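Undergrad: Below is the sequence, then the predicted model.
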Amino acid sequence: MSVPALRLRGVRKYFGSVSALEDVRFDAYGGEVHAIVGDNGAGKSTTIKIVAGIHRADEGEVLVNGEEVGQVRSAADAQAHGIAVVYQDLALVECLDIAHNMALGNLPRKFGIVLDRRRMEREAAQVLKDLKVRVGNVRTPVGLLSGGQRQVVAVARAVRMNKPIMLLDEPTAALGVQETAHVGEIIDELRASGKAVVIVSHDLEFVFSHADRVTVLRLGRTVGTRRVTEVGREEIIGMITGAVPPDRPDDPVHDYEVA
């Protein structure tokens with residue numbers, strides 16, 4: 001039985017007197033796509049930001065490969081724990097070109113000082129080629145790209161980091177059908193490479209097409225986790241709306257492990 005690549009247990013987060021997360025728990029395994037769904041305000045993005053080091057949990061545990069990591073204090077800290085993130089707002093710099101954006105936070109340098117632009121462009125072009133992505137020359141400013149192309153560049157930047165845990169917050173938001181399908185293909189390839197892929201999504205059709213398991217959040221709490229092959233959309237919608245009661249915290253579905 002394998003150990004979860006990423007495990008959250010009893011995670012709570014408060015912003016002043018406002019409770020954003022009350023009890024978030026889920027397990028994400030290598031070689032799986034784990035979707036997190038829920039209505040607006042359910043706590044999905046806050047959960048991602050806690051794992052990514054943007055916010056700090058007030059209570060609870062975050063474990064990577066079975067080891068508690070304590071507080072993830074920054075993006076650099078998250079990367080050190082093997083976590084790469086694609087944020088909903090993409091966090092791209094429009095005035096910089098594709099290659100620069102893909103290398104942000106890990107710029108290749110000669111002699112440890114001078115930017116190695118040739119290597120940066122070569123590596124960016126190779127990642128895009130491996131992902132079968134066509135976004136033009138890697139020297140093209142990101143501000144000139146379409147929304148779908150920017151999304152792919154953001155995903156490609158996370159792929160370039162080559163971390164075992166990938167978090168994607170609304171990776172298909174505002175994308176067309178063809179662009180959504182392409183992002184789905186990239187996610188499938190990440191799973192096939194053995195990575196633990198966690199996606200936040202409102203798109204249940206996308207979730208049922210690409211995820212292995214789905215965790216539902218409601219009002220800052222984990223309602224339950226289901227294997228996609230064993231649940232219908234009606235049950236997931238019921239869990240989102242509250243028509244289906246939440247699982248008990250000790251329900252065995254939370255401790256499901258992959259053989």
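TA: Received it, and whenever you're ready, just let me know what you need. Numbers count the residues shown, from 1 in each chain.
Undergrad: mind listing the strands for the stretch 51-200 of the chain?
TA: In the stretch 51-200 of the chain, the segments counted as strands under DSSP state E, counting those that start in this stretch are 59-64, 67-68, 83-86, 109-110, 114-115, 165-169, 196-200.
Undergrad: just how off-centre is stretch 23-36 within its chain?
TA: 10 Å (Cα atoms, centre = their mean, to the nearest Å).
Undergrad: what is the rounded mean pLDDT of that stretch?
TA: Averaged over stretch 23-36, pLDDT sits at 96.
Undergrad: Can you give me every residue that contacts the spatially most central residue of the chain?
TA: For the chain, the residue nearest the mean C-alpha position is Leu167 (1.5 Å; Cα atoms, centre = their mean). Counting by Cβ atoms under 8 Å, 6 or more residues apart in numbering, Leu167 makes contact with Ile48, Val51, Ala52, Ile83, Ala84, Val85, Val86, Val198, Ile199. Just so you know, the C-beta spots here come from the backbone N, C-alpha and C atoms, and that holds for glycine as well.
Undergrad: Tell me how many other residues surround the fourth one.
TA: Just to be clear, that refers to Ile83. Under the neighbour criterion other Cβ atoms under 10 Å, Ile83 is assigned a count of 27.
Undergrad: For the closest residue to it other than its chain neighbours, give its distance to Ala57.
TA: For Ile83, ignoring the flanking residues on the chain, the nearest one in space by Cβ to Cβ, 6 or more residues apart in numbering is Ile165 at 4.6 Å. Using Cβ to Cβ, to the nearest Å, we find Ile165 at a distance of 17 Å from Ala57.
Undergrad: same question, Glu123
TA: From Glu123 over to Ala57 (counting by Cβ to Cβ), the distance is 34 Å.
Undergrad: cool, and Arg122?
TA: 39 Å.
Undergrad: Looking at these two, which is more packed in?
TA: Between Arg122 and Ala57, counting by other Cβ under 10 Å, Ala57 is the more crowded of the two (22 against 14).
Undergrad: hang on, isn't the more buried one packed against Ile50?
TA: Yes - in this structure Ala57 lies within contact range of Ile50 using Cβ atoms under 8 Å: 5.0 Å.
Undergrad: overlap in contacts of these two?
TA: With Cβ under 8 Å, 6+ apart as the test, Ala57 and Ile50 both reach Val11, Lys13, Leu21.
Undergrad: Most neighbours among the residues you listed, which one is it?
TA: Leu21 (28 neighbours).
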